[in-house]
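Asker: Pasting a predicted model and its sequence here:
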Amino acid sequence: MKLFKTELFHKHKRLVMLFIVLLGVLIMWGWTTLAKKGITPSAVKELITKGKGAKKGAGEAVEAAIPVRVTKVIKADYQDFITSFGTIKGFREIPIKFEESSRISKFYFNEGESIKKGDLVIAEEQDDQKLKLEYAEIEYNKNKTLNELGAITVNKLRQAELELESAKVALNRRNFYAPSDGSIGTQRISEGELATPNDVVTTFVDIGSIFCEVGIIEKDIDKVKTGQTAKVLIEAFPDDPFEAVVDSVSPMLEGRSRTQNVKMLVPNEKGLIKPGMFAKADIMIFEKKDAIVIPKKALQKSEEGYVVFGVVRPEGEQTKGPAGFEEATAKIIPVKVERANEDTALISEGLTEGEEIILETPEAKSSIKDGAKIEILPSAE
């Protein structure tokens, strides 16, 4: 067998030598190419060593830069709101009744139609009152003439004058005049029907200013006070919230819902808002101007409290990662959170305006540690 191998080597000696020469040429070409690119043999050795180390276990793996998005700490006005839903109601809703039973003669305005102060809105049948007024006018004129002739006393004339005034008042009681600008509500009795003193014929609604009435849940009742400002959003005008002010807060909780009734006064000079509309109200319960405000998703909870991760950029020339984005280092920063809502957090200690903090990462937040390498991605549009 040994003799056979020796004969085989001598037979293919030239091929073996040619292979060795070609292998040497390829190795020399490879080193030359790497040298032109600035990669030294020691660097290659280091990469090979790290590659071998990565296979030994996760604890010895090469640290990869974590892709992140960052933002700058800014100063802004911080506001916190309570959101609730409710209904629009008239500033004043006056039930229209008449003192004497009579048939409705005429509605001068339709439901929802705008009315000016002093307009005649509804009239009852007035034939009998008109006759009484006509008789009182005749009696007054007659007594006035007799008084001028000296046939009756001044007291007798005064009596006729009072009877005339009384007849006028009685006639006006059969009419309803608008006490202010507004509109008419649902007509509960039609023209020609009999209305008794207990019947509500319709409702007069003052809409120069209106109320947004909402219910506040029990856990929030101590946060709402009169005078607080609010924004009222109505489905008919989704892009134009209306400014409002809390006008009254009920001292009691309502029934099964266990909510507290809150009324907000909403100016309505243009008459765009109508009673009965569905509304969403954001009541401002806290405001701080020119404060350190950050996105809430930048916060992380630690055993000692809240922290954010700052960005430490390398000095001098920027370092680019494999994807061409700038590399930096994460720095843990303890912060004190004064307040927070769904989107933002108010920071009272730990950050200053202009600092860079990590906003979000495509990976889990737990992957970021103090001193971790990060790769800064472009800001999301």
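Answerer: Arrived safely. Numbers count the residues shown, from 1 in each chain.

Asker: Show me the helices in the stretch 101-250 of the chain, by range?
Answerer: Assigned by DSSP state H, counting those that start in this stretch, the stretch 101-250 of the chain shows helices spanning 127-148, 154-172.

Asker: Give me the mean pLDDT for the first one.
Answerer: Looking back up the chat, that one is helix 127-148. Averaging pLDDT along helix 127-148 gives 78.

Asker: Packing partners of it?
Answerer: helix 154-172 (3 or more Cβ pairs under 8 Å, 6 or more residues apart in numbering; DSSP states H and E). All C-beta spots, glycine's among them, are computed from the backbone N, C-alpha and C.

Asker: Not counting the helix it packs on itself, show me its contacts.
Answerer: Residues from elsewhere that reach helix 154-172, judged by Cβ atoms under 8 Å, 6 or more residues apart in numbering: 126, 129-130, 132-133, 135-137, 139-140, 142-144, 146-147.

Asker: burial count for Glu193?
Answerer: 11 (other Cβ atoms under 10 Å).

Asker: what is Gly300 paired to in the beta sheet?
Answerer: Small correction: residue 300 is Gln, not Gly. Applying DSSP bridges to Gln300 gives these bridge partners: Val307.

Asker: which ones are touching it?
Answerer: So Gln300 contacts 306-309, 365 (Cβ under 8 Å, 6+ apart).

Asker: at 10 Å what do you get?
Answerer: With contact taken as Cβ atoms under 10 Å, 6 or more residues apart in numbering, Gln300 is in contact with 306-309, 332, 335, 358, 365-366, 368.

Asker: Next: Lys336.
Answerer: Applying Cβ under 10 Å, 6+ apart to Lys336 gives the contacts 305-306, 346-351.

Asker: Just give the nearest non-adjacent residue to it, would you?
Answerer: Glu349 (3.9 Å; Cβ to Cβ, 6 or more residues apart in numbering).

Asker: Kindly state the beta-bridge partners for Met264.
Answerer: Beta bridges link Met264 to Cys212, Val246 when assigned by DSSP bridges.

Asker: ranges for the strands of the stretch 201-350 of the chain?
Answerer: Using DSSP state E, counting those that start in this stretch, the strands of the stretch 201-350 of the chain run over residues 202-217, 229-234, 237-254, 259-267, 278-295, 300-301, 306-312, 326-340, 344-349.

Asker: want to try TSV for the helices of the stretch 101-250 of the chain, with mean neighbour count and distance to Lys288 as columns?
Answerer: Output for those, formatted as TSV (neighbours: other Cβ atoms under 10 Å; distance: least, Cβ to Cβ, whole Å):
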stretch	mean neighbour count	distance to Lys288
helix 127-148	15	64
helix 154-172	15	57
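
Asker: out of those helices, nearest to Ala64?
Answerer: helix 154-172 (88.9 Å; Cβ to Cβ).

Asker: Now for the residue nearest to the spatial centre of the chain: which residues touch it?
Answerer: The centroid of the chain falls nearest to Asp282 when counting by Cα atoms, centre = their mean (6.2 Å). Neighbouring residues of Asp282 by Cβ under 10 Å, 6+ apart: 79-84, 229-233, 241, 244.

Asker: Ok, Pro275 next?
Answerer: Contacts of Pro275 (Cβ under 10 Å, 6+ apart): 87-91, 93, 112, 182-183, 185, 203, 205-207, 210-211, 268.

Asker: Identify the residue nearest it in space, chain neighbours excluded?
Answerer: In space, Pro275 is closest to Gly90, 4.7 Å off (Cβ to Cβ, 6+ apart).

Asker: buried subset of the contacts of Gln300?
Answerer: 306-309, 335, 358, 368 (16 or more other Cβ atoms under 10 Å).

Asker: can you pull the contacts of the closest residue to Phe107 other than its chain neighbours?
Answerer: Distance criterion Cβ to Cβ, 6+ apart; nearest residue to Phe107, sequence neighbours excluded, is Ile122 at 5.7 Å. Taking Cβ under 10 Å, 6+ apart, we find Ile122 in contact with 96, 98, 104-109, 174-177, 184, 187, 189, 191, 195, 201-202, 204.

Asker: one step back: tell me, how many residues neighbour the closest residue to the residue nearest to the centre of the chain other than its chain neighbours?
Answerer: In space, and not counting its chain neighbours, Asp282 is closest to Phe81: 4.2 Å by Cβ to Cβ, 6+ apart. Other residues lying near Phe81 total 17 when counted by other Cβ under 10 Å.

Asker: Equivalent analysis for Val200, please.
Answerer: Val200 has 14 neighbours, counted by other Cβ under 10 Å.

Asker: quick one: contacts for Ile104?
Answerer: Here Ile104 is in contact with 98, 122-125, 187, 189-195, 199, 201-202 (criterion: Cβ under 10 Å, 6+ apart).

Asker: Quick check: the gap between it and Thr196.
Answerer: 11 Å (Cβ to Cβ, to the nearest Å).

Asker: Any chance you could list residues touching both of the two?
Answerer: Shared contacts of Ile104 and Thr196 (Cβ under 10 Å, 6+ apart): 98, 189.

Asker: Any chance of TSV for the strands of the stretch 201-350 of the chain, columns distance to Val70 and mean pLDDT?
Answerer: TSV is the format used below for the strands of the stretch 201-350 of the chain (distance: least, Cβ to Cβ, whole Å; pLDDT from 0 to 100):
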stretch	distance to Val70	mean pLDDT
strand 202-217	38	87
strand 229-234	32	94
strand 237-254	32	89
strand 259-267	40	91
strand 278-295	11	93
strand 300-301	15	86
strand 306-312	5	92
strand 326-340	8	91
strand 344-349	16	93
